[in-house]
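Enquirer: This is a predicted model, with the sequence first.
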Amino acid sequence: MIRFYVTTPIYYVNDIPHIGHAYTTIAADILARYNRLKDNEVFFLTGTDEHGQKVEKAAKERGKTPKEHADIMVENFKNLWKKLNISNDAFIRTTDIEHIKTVQGLLQMLFERGEIEKRSYAGWYCVPDERFWTEKDLIEGNCPDCGRPVEQIQEENYFFLMSKYQGRLIRHIEENPAYILPETRKNEVLGFLKNNTLGDLCISRPKQRLSWGIPLPFDDNFVTYVWFDALVNYFSATRYLIPKNLKSQISNLKSTDWWPANHHIIGKDILTTHAVYWSTMLMALNFPLPGNIFAHGWWTVDGKKMSKSIGNVVDPNAMADKYGVDAFRYFLFREVPFGLDGDFSEDALIRRINTDLANDLGNLLSRFLTMAEKYFDGRINLIASTDEFVEKCVKTNENIHKEEYWSRLSFNLILESIWQMIGDANNYIAQKEPWKLAKSNLEELKIVIYNIWNSLRLTAISIYPFMPNTAEKMWKQLGLKSLKEEAIFQWEWKPDYEVKVSKGEQLFPRIEKKEEKQKSEQKKEKTKMTEGVKELIAIDDFAKVELKVGKVVAAEKVEKSEKLLKLKVDIGEERQIVAGIAKSYTPDDLIGKKIVVVANLKPAKLMGIESHGMLLAATDEEGRLSVLTLDREVKQGARVK
Ligand code: MSP
């Protein structure tokens, strides 16, 4: 068993959580869940950053003490993580007394070793912004941030002698290619380190300027710079927040064995603090460095930077309520390669839900379950038999679990592979036409059904880290009990199972887009308006329409079409009919049904496929179709008058 430790940044409690916070935390959750499936011993840490100027200021504005303010704000994060199904093992707050003690202990250690020094510091200070600038930062002598005049201030402060680690840091990054990912970010850090002289880091703030911080253990007139305090959280958590049950599961693993972390997942804006400050702090402490720092990109919203003043901040709570937690989680990691910037829009999210989730995955599961129930009463037996589809699944499955994808956090490539498996299963059904095998070859049908079942089982396991609820739902419908408990290491093709599947609720109902809704409403309006003035027809006119009873003998989806199904209908003779009903019916819903067909319609081509006739259907208020069927048993071919 391997131990696996993953972290998120600790979030400032001056803000309410938005999509950026959710993004990093879900990414860490995906890794944590995946590693638990591998039976690794996982410690997944998140938390809040509660000291410093920003928090002190936000608290003041609300008339609260910083701690009172933090106690309120921290709940927003905790509640959101619950809602988003985040499986963190611990939650650290930098106001925890144990953390404060650890920070002070480390500071003392560095001070005694001569790694921290008191120096006089002169700089340009912007009073309203409460921050220092160097001469070259200034714009026409003013603060580059707010444009107001700055003052020259001289004060004493403590400095961590970071500069002396410059060479060692460059070497570490070069010798460990996965230390900073993605590659482009690594190159940025290296470029910076090689072309600049690294300065020392001011790690204190005089108390008269900022009181909300951890007092320096060796000088009570100062508090610790918030980043020095915050970064230490990753280490201090291993000293007091490892759950007891984790430690006990690995023999001889002590809490001191949890450092270093395997992955620090962060946003690109805080890469320098992690790659440079944190790495050199660890070097000075003689502690091992983390395995990897992964800096992801930023989300814009409908093409614009997310900002409170524009009012386009995406609230993850609202998205989860509106579209479902799993759809939201899926979207964030499928839409954009992890590491790059991306643009969020509800339209894009709806598109993903309708195509990838409702159509590809949801329909596959529901078609399969309908068939399994119809042909075998839901019973699936283990049948060891290999065909081209099985071979493809095994290969795709290897891709999904490729070590390189997971260690480099290539989530979009993993998801693409999972959807490859789903697509292959859909094609397999189209190619094998189980409804035909049901008549001609039950033995083969059994194998086909088993193979689809097994590919769906593997799909459920592989989507679990991304969409845990959906995976569990699938698992149950596939006749199994608890994915979390049963799926550990079960991603081989041939398990020893005999199960009974049962169709449950739809995984992802389709979402009608605003424009589609508007269109169908306009259409309804139009019909209403014209209804009153419609001309009446004579009985002879109606008699021209030849309506017949037909029995659907085969049905399949038309490739690349969301709406069309290709049917074979027996109306005394066999007819091919292409009908726009795929949003309301799966092929299996229709097979065997007796319907009403317009038999003397001129043939037409729909998406290149000939259609010889038309079926009758009514539309309900939501635009869903209901195919006309017969009240009593009537033979196919009978005339409808
Ligand atoms: N408190 C520090 C982190 C200390 S870690 C030792 C902090 N907190 S934060 O709350 O401001 O930001 C947390 C994370 O949110 C960062 O990783 C940041 O990249 C991420 N995001 C903030 N806005 C974002 C987007 N618009 N898009 C994606 N992520 C972004 O920094």
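Expert: Done, it's in. Residues are numbered from 1 along each chain as shown.
Enquirer: pretty sure Asp145 belongs to a strand, no?
Expert: No: under DSSP: H, G, I helix; E, B strand; the rest coil, Asp145 sits outside any strand and is assigned coil.
Enquirer: how about the nearest residue to it, chain neighbours excluded?
Expert: In this structure, Asp145 finds its nearest non-sequential neighbour in Asp129, 5.6 Å apart by CB to CB, 6 or more residues apart in numbering. Every C-beta, even on glycine, is put in place using the N, C-alpha and C of the backbone.
Enquirer: ok, which residues in the stretch 201-350 of the chain are in contact with the ligand?
Expert: For the stretch 201-350 of the chain, the residues in contact with the ligand (CB under 6 Å from any ligand atom) are Ala230, Leu231, Asn233, Ile266, Gly267, Asp269, Ile270, Trp298, Trp299, Met306.
Enquirer: wait, what's in contact with the residue nearest to Asp145?
Expert: Applying CB atoms under 8 Å, 6 or more residues apart in numbering to Asp129 gives the contacts Cys143, Asp145, Cys146, Arg148.
Enquirer: Please pick the buried ones from these.
Expert: Burial by neighbour count, 16 or more other CB atoms under 10 Å: within the contacts of Asp129 this picks out Cys143.
Enquirer: Low-confidence regions, the stretch 501-641 of the chain specifically.
Expert: 514-535, 621-622 (pLDDT under 70).
Enquirer: what do you get if the cut-off is 90, keeping everything else the same?
Expert: Scanning the stretch 501-641 of the chain for pLDDT under 90 picks out the ranges 512-545, 558-563, 572-574, 583-592, 601-610, 618-625, 629-635, 641.
Enquirer: Quick check: phi and psi on the closest residue to the ligand within the stretch 101-250 of the chain?
Expert: Proximity of the stretch 101-250 of the chain to the ligand (CB to the nearest ligand atom) peaks at Ala230, 3.9 Å away. With angles defined as degrees, to the nearest 10, Ala230 sits at phi -70, psi -40.
Enquirer: From Leu409, how far off is it?
Expert: Applying CB to CB, to the nearest Å, the value for Ala230 to Leu409 is 22 Å.
Enquirer: Please apply the same query to Ser482.
Expert: Using CB to CB, we find Ser482 at a distance of 27 Å from Leu409.
Enquirer: ok, the two, which is more surrounded?
Expert: In terms of neighbours (other CB atoms under 10 Å), Leu409 is the more surrounded of Ser482 and Leu409; the figures are 23 against 10.
Enquirer: pretty sure that one belongs to a helix, no?
Expert: No: looking at Leu409 with three-state DSSP, it is coil, so not inside a helix.
Enquirer: Now do it, the pLDDT please.
Expert: pLDDT, Leu409: 98.
Enquirer: For it, give me its contacts.
Expert: Leu409 sits next to Ala27, Leu31, Leu181, His263, Ile265, Phe294, Phe338, Gly339 when contact means CB under 8 Å, 6+ apart.
Enquirer: Just flag the most distant two among these.
Expert: Farthest pair in the contacts of Leu409 (CB to CB) is Leu31 and Gly339. Separation: 14.2 Å.
Enquirer: Pick out the residue in the protein sitting closest to the ligand.
Expert: Gly267 (1.5 Å).
Enquirer: gap between that residue and Arg131?
Expert: Per CB to CB, Gly267 is found 21 Å from Arg131.
Enquirer: Would you mind telling me which of the two has the busier surroundings?
Expert: Under the criterion of other CB under 10 Å, the comparison of Gly267 against Arg131 puts Gly267 first, with 18 against 14.
Enquirer: Kindly indicate which of the contacts of Asp129 lies nearest Ile511.
Expert: Nearest to Ile511 out of the contacts of Asp129 is Asp145 (CB to CB; 42.0 Å).
Enquirer: just checking, next helix/strand downstream of the helix or strand hosting Trp475?
Expert: Using DSSP states H and E, Trp475 sits in helix 468-477. Tracing the chain C-terminally past helix 468-477 and defining elements by DSSP H and E, one meets helix 483-486 next.
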